[in-house]
Structure formats: C-alpha cells, structure tokens
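Novice: sequence plus predicted model, see below.
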Amino acid sequence: MRQVIDLGNLSNSRMIHSVGQSGHPASPQYDQFIELWRTFQYIPTNWERESAEEATHQTLILEPE
C-alpha cells in the first residue's frame, strides 16, 4: 500500500494498494488496482463522514435481536 496523508487537510489524502478491495485472488475485483499501482496513480480517501457516505454504494445495518 502507498498512502499520502495531508495532515493539513485529511480530505486531500490519497492512497492505493496493489490488489482489489477483497485482497482475495479468486475475487473478480482482485486486479482492479494493479494498473493504478503500476502507474503511480492514487484514489481519494474518505476521512470525513459526509464524504464516506456520499461514496457509499450499499449500507449494511446490523441490529441486535
């Protein structure tokens, strides 16, 4: 993993890792970040709750029984 953290503005921080989100070789997303890793491109990190919620594709809600 490579990560650049802007301590003056966490929302400006970026990161990349060489394998997909799952990290599992059998996953179809396993190689989704290899080209970005290879070419030193980064993706934004969501440090603020609002930006994390805006980037959400699905939400899992766990409730006690």
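Specialist: It's in.
Novice: contact partners for residue 2?
Specialist: 15, 16, 17, 37, 40, 42 (C-beta atoms under 8 Å, 6 or more residues apart in numbering). Quick note: C-beta positions are derived from backbone N, CA and C, even for glycine.
Novice: same question for residue 10.
Specialist: Residue 10 neighbours (C-beta under 8 Å, 6+ apart): 45, 47, 48.
Novice: report the buried members of the contacts of residue 2.
Specialist: Buried subset of those (neighbour count, 16 or more other C-beta atoms under 10 Å): 16, 37.
Novice: about what we covered before: so among the contacts of residue 10, which ones count as buried?
Specialist: Buried among those by 16+ other C-beta under 10 Å: residue 45.
Novice: mind checking the SS state of residue 37?
Specialist: Following DSSP: H, G, I helix; E, B strand; the rest coil, residue 37 is assigned to helix.
Novice: count of neighbours near the nearest residue to it once chain neighbours are set aside?
Specialist: Sequence neighbours aside, residue 18 is the residue nearest to residue 37 in space, at 4.4 Å (criterion: C-beta to C-beta, 6 or more residues apart in numbering). Residues near residue 18, counting by other C-beta atoms under 10 Å, number 13.
Novice: residue 18 touches residue 31, doesn't it?
Specialist: No - with contacts counted by C-beta atoms under 8 Å, residue 18 stays clear of residue 31, the gap being 9.1 Å.
Novice: residue contacts, residue 46?
Specialist: Here residue 46 is in contact with 52, 55 (C-beta under 8 Å, 6+ apart).
Novice: excluding its backbone neighbours, what's nearest the residue nearest the centre of the chain?
Specialist: Geometric centre of the chain, nearest residue: residue 45, 6.1 Å, by C-alpha atoms, centre = their mean. Nearest-residue entry for residue 45: residue 13, 4.7 Å, with adjacent residues in sequence omitted and distances by C-beta to C-beta, 6+ apart.
Novice: can you give me phi and psi for that neighbour?
Specialist: phi -80, psi 150 (degrees, to the nearest 10).
Novice: ok, it touching residue 43?
Specialist: No - the pair residue 13 / residue 43 is not scored as a contact, 10.2 Å apart, by C-beta under 8 Å.
Novice: between those two, which is the more surrounded one?
Specialist: Neighbour count, other C-beta under 10 Å: between residue 13 and residue 43, residue 13 has more, with 16 against 11.
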